[in-house]
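K.L.:
How does the following fold in three dimensions:
(one chain, ligands or ions: 1)
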Amino acid sequence: MAKRRIEALGPLRGKRVLVRVDFNVPLREGAGGAMTVGDDHRLLMSLPTIRRLRDAGARVLLGSHLGRPSGGKVEPEFSMKPVAERLSTLLGAPVRFVADLVGAEAQAAAAALQDGEVLLLENLRFDKGEKKGAEEFGRALAALAEVYVNDAFGVSHRGDASVTVPPRLLPAAAGDLVATELERLAPLRDGSAPRPYVVVMGGGKLADKIPVLEALVPKVDAVLIGGGMSYTFLKAKGEEIGRSRHEPELLDTARKIMERAGDKLALPIDHVVATSPDDPTGYAVVERLPQDRMALDVGPRTIADYCRRLTGARTVFWNGPLGVFEKKPFNLGTDYVASFLGYSGGIHTVVGGGDSAAAARELGIDERMGWVSTGGGASLEFVQGEALPGIEALPDA
Ligand code: AMP
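P.N.:
This next block holds a predicted model:
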């Protein structure tokens, strides 16, 4: 069911609108020692919602978390202040900042907002109630505003107070980013995406990907496996995997998934091995894994095989790197397959956030993908058919 959008909220002029955004950005030390935003991608992704609300004359209150403060107190290294400064540059308008969440200072700042003005609250996780999903904290946040908008897809799979409580108390809607995420991900979840529909699944741990594999295998035409999770499958098939990472407790599960998937499931047919990710000694491409090496990437024959299997696909869901992509030369499997997806006309690729999104952006091909999700965990949970608390809390369209 589609969720209510901003345009269905009626006139917003003069109304205080609380927008939950995901401005969990990396900070770094800038000139003169002051902290600055290291990567403003997440800010850019919510600009359409913020601009739209300003244009409608709303008084915009933004709230986000940043990093993992211990909670319950102010920790200056996690302050949102540098974010307010960068957002102001991107918007071309002042962004007020208040070093408070729901206290007297925040209430006064919210009350003083004029039509079209923007205020950013301090890091929501400075209050212990945020992560706990505390009703009281959520109520206090809602009391700052008259309308609520969720534009934080990346945290909507969590039960945090700012995404679950205010939408039950105020007229609420999905922001443009959340609405786009739902629109792009729903066909992948429902299996209604144009076929052939192929899943490329990588990453370190099979445990994290079992629910999504179980949900998608019946709905898709092929599943191409890479990354550390490959070796639990290969071990389950009785192959020698050397010192490769694997999950012994999941061998049975891996066997069952392979049985159910049959020919749909493809595994690496060659590998890049070394003694460790930090020490490429003995670095080699092999088809049979030696006992004293670990597999750290898929090899060139696998890359060619996967690109061949992806040829002619109309929809691809890609989640997780095919090797230890953070460390050269183990990035090549991920980079080649990602580039193939980015440069192949006719394939609509949806990248499932997290590491895969980072890899696509690093390669400069994110713009060539059909959609790059802003939520790693959230996109995975949504596609595997789970109800996301922050989305459930929003009214239907
Ligand atoms: P995940 O968080 O499950 O998506 O896994 C991402 C991590 O998996 C990345 O940090 C990769 O370095 C790691 N990874 C990918 N391939 C392998 C592999 N063959 N062996 C060990 N780790 C891997």
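K.L.:
Quick check: the residue of the stretch 51-200 of the chain nearest the ligand.
P.N.:
residue 200 (12.2 Å; C-beta to the nearest ligand atom). Every C-beta, even on glycine, is put in place using the N, C-alpha and C of the backbone.
K.L.:
Which strand residues bridge that residue?
P.N.:
Beta-bridge partners of residue 200, counted by DSSP bridges, are residue 224, residue 318.
K.L.:
give me the number of residues near it?
P.N.:
29 (other C-beta atoms under 10 Å).
K.L.:
Do you know the pLDDT at it?
P.N.:
Confidence at residue 200, expressed as pLDDT, is 98.
K.L.:
measure it to residue 19 for me?
P.N.:
33 Å (C-beta to C-beta, to the nearest Å).
K.L.:
quick one: residue 154 is in a strand?
P.N.:
No: using DSSP: H, G, I helix; E, B strand; the rest coil, the assignment for residue 154 is helix, not a strand.
K.L.:
so what's it up against?
P.N.:
22, 24, 42, 353, 374-378 (C-beta atoms under 8 Å, 6 or more residues apart in numbering).
K.L.:
And residue 314, by the same measure?
P.N.:
193-197, 346-348.
K.L.:
likewise residue 237?
P.N.:
So residue 237 contacts 258, 267 (C-beta under 8 Å, 6+ apart).
K.L.:
For the protein, what lies in contact range of the ligand?
P.N.:
Residues of the chain lying close to the ligand by C-beta under 6 Å from any ligand atom are 203-205, 208, 227-228, 245, 295-296, 320-321, 323-324, 326, 354-355.
K.L.:
okay, and for the stretch 201-350 of the chain, where does confidence drop off?
P.N.:
Applying pLDDT under 70 to the stretch 201-350 of the chain flags no residue at all.
K.L.:
Tell me where it has helices.
P.N.:
Ranges of helices in the stretch 201-350 of the chain, per DSSP state H, counting those that start in this stretch, are 210-216, 230-236, 251-261, 300-310, 332-343.
K.L.:
So which of these is nearest residue 164?
P.N.:
helix 210-216 (21.6 Å; C-beta to C-beta).
K.L.:
could I have the closest one exported to CSV, CA atoms only?
P.N.:
Output of helix 210-216 as CSV, limited to C-alpha atoms (Å, rounded to 0.1, in the frame of the first residue of the first chain):
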residue,chain,number,x,y,z
ILE,A,210,19.3,-15.9,4.5
PRO,A,211,15.8,-14.2,4.9
VAL,A,212,16.3,-12.2,1.7
LEU,A,213,17.5,-15.2,-0.2
GLU,A,214,14.6,-17.3,1.0
ALA,A,215,12.1,-14.6,0.1
LEU,A,216,13.5,-13.8,-3.3
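K.L.:
Just the buried ones among the residues of the chain next to the ligand, please.
P.N.:
203-205, 227-228, 245, 295-296, 320-321, 323-324, 354-355 (16 or more other C-beta atoms under 10 Å).
K.L.:
and those as a markdown table, adding distance to residue 278?
P.N.:
A markdown table is the format used below for those (distance: C-beta to C-beta, whole Å):
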| residue | distance to residue 278 |
| --- | --- |
| 203 | 19 |
| 204 | 15 |
| 205 | 19 |
| 227 | 18 |
| 228 | 15 |
| 245 | 14 |
| 295 | 15 |
| 296 | 10 |
| 320 | 21 |
| 321 | 17 |
| 323 | 14 |
| 324 | 10 |
| 354 | 22 |
| 355 | 18 |
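K.L.:
Out of the residues you listed, which sit inside strands?
P.N.:
295-296 (DSSP state E).
K.L.:
Of the buried ones among the residues of the chain next to the ligand, just say which sits nearest to residue 153.
P.N.:
Looking across those and measuring by C-beta to C-beta, the closest to residue 153 is residue 354, at 12.6 Å.
K.L.:
any idea what sits nearest that closest one, other than its immediate chain neighbours?
P.N.:
Distance criterion C-beta to C-beta, 6 or more residues apart in numbering; nearest residue to residue 354, sequence neighbours excluded, is residue 376 at 2.8 Å.
K.L.:
what's the most distant pair in the buried ones among the residues of the chain next to the ligand?
P.N.:
Every pair of these checked by C-beta to C-beta; the farthest is 295 and 354, at 21.2 Å.
K.L.:
which residues does residue 212 contact?
P.N.:
By C-beta under 8 Å, 6+ apart, the contact set of residue 212 is 201, 319, 380, 383-384.
K.L.:
which one of those has the most neighbours?
P.N.:
In the contacts of residue 212, the most neighbours by other C-beta under 10 Å go to residue 319, 27 neighbours.
K.L.:
hang on, that residue packs against residue 188?
P.N.:
No: assessed by C-beta atoms under 8 Å, residue 319 is found out of contact with residue 188, at 10.1 Å.
K.L.:
Name the residues that touch stretch 109-123?
P.N.:
13-14, 16, 23, 50, 54-55, 57-67, 69, 74, 78-80, 83-84, 87, 91, 93-101, 106, 144-145.
K.L.:
re earlier: between the helices of the stretch 201-350 of the chain, which gets nearest to residue 166?
P.N.:
Nearest of the helices of the stretch 201-350 of the chain (C-beta to C-beta): helix 210-216, 28.8 Å.
K.L.:
Nearest residue to residue 220 in space, please, no chain neighbours.
P.N.:
residue 197 is the one closest to residue 220 (C-beta to C-beta, 6+ apart), at 4.8 Å.
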